[in-house]
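Visitor: I need the structure of the sequence given here:
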Amino acid sequence: MAKQIDQQAPADERLAPRVLRDGLVLRWSTPDDVERIAALSSFVFRDKIDSPPNVRNAAWMRDLGSGRHPLTTVDQGVFVEDTAAGQVVASMWLIPTVWTFGGISFGVGRPEAVVSHPDYRRQGLVRALFDAFHARSAAAGELVQAITGIPYYYRQFGYEMALELGGGRTVQFDDIPSLKEGETEPYHLQAATVDDLPFVMELYEHERWRSLVSAEIPEAYWRWMLDGVSIESGEGWTPLLIRSSDGAHCGFVLPRKTRWGKTLGIQQIALREGLGWRSVIGPVLRALRDHARTVPPSGREQVDPTRLAFTLGTEHPAYTVLGEALAPRHNRPYAWYVRVPDLPGFLHHVAPVLEDRLRHSALAGYTGELRLDFYRGGLRLGFADGRLIIADDWQRPVFGDEPSAGFPPLVFLQLLFGRRSRAELEYAMPDVWSGEEAATVLDVLLPPQPSLVIPLD
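Guide: Residues are numbered from 1 along each chain as shown. From the prediction side, this is the model:
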């Protein structure tokens, strides 16, 4: 296997083709490679061994490699080719995005559609793809890499399930209350247009402040959702306006462009400030029920829709109004895999958030040091008068400074991104621990907070 890519190497060297071993070459994509990557992806992502190719996945690869996608470019697919067979045997695609942590932006590299041909597995090809991707992501200045993926697998490459993904409530059509006789709907849904995007984007920005971590969505991506993404890919959502009977813009809702069998997913819903959910939720549910019947299924199964799945995270004001009567089923969130290759660098980047938390706590003006033992390494945090002055890698010595707290490798990321509290981690894992001062400081610096990061596919 070829040696790991030097992240500091010149761009020409990082992006140059690499011979992994006889006949297997890793390289970045050109327009001529997109269809071959799509063919491999559609073959691997079949439902069953005797199923036909996954046309949905192939269409997604074509969208990513089309040159029209607002976030990625045609040269950001990375793949391994068996040159003797003339066949792509492993691939992934890089989707650069921007997230915010407490309002502070940082670049995120997303590796998606990671595949390898069954005949070429357990040969280190996916690891080679990740080495190439990590080098390119680092060179682009992206502080974090994140992926939605199958359980456990991506832990092998330095990722931790550190951030909530999805989760929410399900509403059955039969439980949606009917409009009372003689009444008319006070609100309705209408497809958004390009002219409506400033309103939608402003409301989305306001909505993001409920989340510790969220995705920045550029205008070009909103336009892509309107008329760019292919319906065959099954990706994306349709921006719909919530409008009052007098035509006023009151909010928006983002149903998926296709549905999974009987279920239409709702990616996001937001109301303008000052408008109460109680008066809006009934009309919106009835309108979404009607809209669902116009949405095509993502697979071959032709079944009628019967329910709405609100994937708004574990906390959302709409849930209060839906209540247990309308939405008794709570859908447990999955998790984003997150990788932070330079943890001290990331903490310096988001230091204003940490310092603000100290400033508004009983520890205002805190001076002290935390030494966090990660068992295979560690982290040292130093504060002076409430400011983060030190964040660097630390290794527990044989003798000398004792650690203030301990976390198994990567588990600290769950605390950093608000997915779990310190107390929850200590309860679940005996090798997570903290001294009295460290426990107090960590609880102030890194409290549990909800996040909703919409995948931009």
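
Visitor: Looking at the spatially closest residue to residue 245 that is not a sequence neighbour now. What's its pLDDT?
Guide: Closest residue in space to residue 245, ignoring its immediate chain neighbours: residue 186 at 5.4 Å, by Cβ to Cβ, 6 or more residues apart in numbering. In short, each C-beta sits where N, CA and C put it, glycine included. You'll see residue 186 listed with a pLDDT of 95.

Visitor: give the contact list for residue 186.
Guide: Counting by Cβ atoms under 8 Å, 6 or more residues apart in numbering, residue 186 makes contact with 244-245, 279, 283.

Visitor: quick one, domains of the protein?
Guide: The chain breaks down into these domains under automatic domain parsing: 11-142, 168-332, 342-445.

Visitor: which regions of the chain sit below the pLDDT cut-off?
Guide: Within the chain, the set of residues satisfying pLDDT under 70 comprises 1-14, 300.

Visitor: So which bits of stretch 421-428 are buried?
Guide: With burial defined by 16 or more other Cβ atoms under 10 Å, the residues of stretch 421-428 counted as buried are 421-422, 425-426.

Visitor: Identify all contacting residues around it.
Guide: For stretch 421-428, contacts defined as Cβ under 8 Å, 6+ apart pick out 407, 411, 414-415, 420, 432-434, 439, 442-443, 446-448.

Visitor: What separation is there between residue 328 and residue 311?
Guide: 17 Å (Cβ to Cβ, to the nearest Å).

Visitor: circling back to that earlier point, and the contacts of residue 186, which two are the farthest apart?
Guide: 245 and 279 (11.8 Å; Cβ to Cβ).

Visitor: Compare these two and say which is more crowded by neighbours.
Guide: residue 279 (14 against 11; other Cβ atoms under 10 Å).

Visitor: So the more buried one lies in a helix, does it not?
Guide: Yes. Under DSSP: H, G, I helix; E, B strand; the rest coil, residue 279 falls within a helix.

Visitor: so what's it up against?
Guide: Residues in contact with residue 279, defined by Cβ under 8 Å, 6+ apart, are 186-187.

Visitor: just residue 385 next, same as before
Guide: 365-367.

Visitor: tell me what the helix or strand containing residue 270 is packed against?
Guide: Using DSSP states H and E, the element containing residue 270 is strand 263-271. Secondary-structure packing of strand 263-271 (3 or more Cβ pairs under 8 Å, 6 or more residues apart in numbering; DSSP states H and E): helix 197-208, strand 249-255, helix 277-292, strand 307-310.

Visitor: just the CA coordinates of the first one, formatted as PDB?
Guide: Coordinates of the C-alpha atoms in helix 197-208 are reproduced here as PDB (Å, rounded to 0.1, in the frame of the first residue of the first chain):
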ATOM      1  CA  LEU A 197     -35.700  33.100  -1.300                       C
ATOM      2  CA  PRO A 198     -34.600  36.300   0.600                       C
ATOM      3  CA  PHE A 199     -37.600  35.700   3.000                       C
ATOM      4  CA  VAL A 200     -36.800  32.000   3.300                       C
ATOM      5  CA  MET A 201     -33.100  32.500   3.900                       C
ATOM      6  CA  GLU A 202     -33.700  35.200   6.500                       C
ATOM      7  CA  LEU A 203     -36.100  33.000   8.400                       C
ATOM      8  CA  TYR A 204     -33.700  30.000   8.100                       C
ATOM      9  CA  GLU A 205     -30.900  32.100   9.600                       C
ATOM     10  CA  HIS A 206     -33.100  33.100  12.500                       C
ATOM     11  CA  GLU A 207     -34.100  29.400  13.000                       C
ATOM     12  CA  ARG A 208     -30.400  28.400  13.200                       C
END
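
Visitor: what comes up buried for that helix?
Guide: 197, 199-201, 203-204, 207-208.

Visitor: Next, show the common contact partners of residue 245 and residue 279.
Guide: Common neighbours of residue 245 and residue 279 (Cβ under 8 Å, 6+ apart) are 186-187.

Visitor: out of all of them, which strand in this protein is the longest?
Guide: strand 87-101 (DSSP state E).

Visitor: Dihedrals phi and psi, the residue lying farthest from the centre of the chain?
Guide: Taking Cα atoms, centre = their mean, the residue of the chain most remote from its mean C-alpha position is residue 182, at 44.6 Å. Backbone torsions of residue 182, given as degrees, to the nearest 10, read phi 90, psi -10.
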